Structure formats: C-alpha cells, structure tokens
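S.K.: any chance you could fold what I've pasted below:
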Amino acid sequence: MTISFNHTIVAARDKQKSAEFLAELFGLPSPKPFGPFLVVALEHGASLDFADVPEGEEIRRQHYAFLVSEQEFDAIYGKIQARGLQHWADPGQRRPGEINHRDGGRGVYFPDPAGHGMEILTRPYGSGG
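M.R.: As a prediction, the model looks like this:
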C-alpha cells in the first residue's frame, strides 16, 4: 500500500476568511464547502479543511509548510509584500521582513488570519544546495 497525505483540519475563528486568505494568496481555486468545512484543494489530492472553532475555545497554533516553485514563491511573496503582511526568514521571528536561503532555495514564514504559522519554501530542508 502506498501511503500519502490526504487532508488536515485547520482551526479558525472565521473559516471563510482563513480559507479565502490562503486560496487567494497561493492562487488556488476558491474554497468549496464540504459538511461543516471549507476545503482548499492542493496538488496531489491533498486539502486543508478549514473549520470554525466555537467562541471562547482556544486555537492551538499549528505550522503548515508548502513546497512551491521559484515562480510561485515570487508570486506569493510579492503578495505578502504588497499587503504589508508580517513575515520572517526564521520560525523564531528574529529576522522580520526577510527571507531565508536554506539549502540553496528560498523560504519565508508568515501568519494566517487565525494565527497559524505558514511557510513557503522552494527546496526541502536537507536537500543541499
């Protein structure tokens, strides 16, 4: 049996706002409703299924990293800059307004509307460069 990642549920205060933020930033199709979720479809059949968390319930910060092409990085990072979104070269947020060049690629971290840590990178970590 071949095992592959299929989906994960992303907690949000406003699933519409969070799902549309990611879909628009990444140039993906508009989110589609599925039961109580708003689904953002990724390549290879994987999806992020956004769900509203009841008021007063804590949203635990999660980290979501996306491997993108150089051209996709340029487009997404251009939107991050144009919108004045906070972003960092490192997960510890010690290098604001920068990108990293790990393994000969590029990477950047930024928050989504629910406060989750998002990351785009052009080379998998440990791939050399």
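S.K.: can you map out the strands along this structure?
M.R.: Ranges of strands in the chain, per DSSP state E, are 7-12, 32-34, 37-41, 47-52, 63-67, 107-111, 117-121.
S.K.: for the ones you listed, which one sits closest to Glu20?
M.R.: When these are compared by C-beta to C-beta, strand 37-41 sits nearest Glu20, at 8.2 Å. (Each C-beta comes from the backbone N, C-alpha and C, glycine too.)
S.K.: what mean pLDDT does the closest one get?
M.R.: The average pLDDT within strand 37-41 is 98.
S.K.: output it as CSV, restricted to C-alpha atoms.
M.R.: Presented in CSV, the C-alpha positions along strand 37-41 are these (Å, rounded to 0.1, in the frame of the first residue of the first chain):
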residue,chain,number,x,y,z
PHE,A,37,-15.7,22.7,6.4
LEU,A,38,-14.4,25.0,3.7
VAL,A,39,-11.9,23.0,1.7
VAL,A,40,-8.9,24.4,0.0
ALA,A,41,-7.6,21.8,-2.5
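S.K.: helices or strands up against it?
M.R.: Strand 37-41 sits against helix 15-26, strand 32-34, strand 47-52, with contacts defined as 3 or more C-beta pairs under 8 Å, 6 or more residues apart in numbering; DSSP states H and E.
S.K.: let's go with 10 Å and repeat that
M.R.: strand 7-12, helix 15-26, strand 32-34, strand 47-52 (3 or more C-beta pairs under 10 Å, 6 or more residues apart in numbering; DSSP states H and E).
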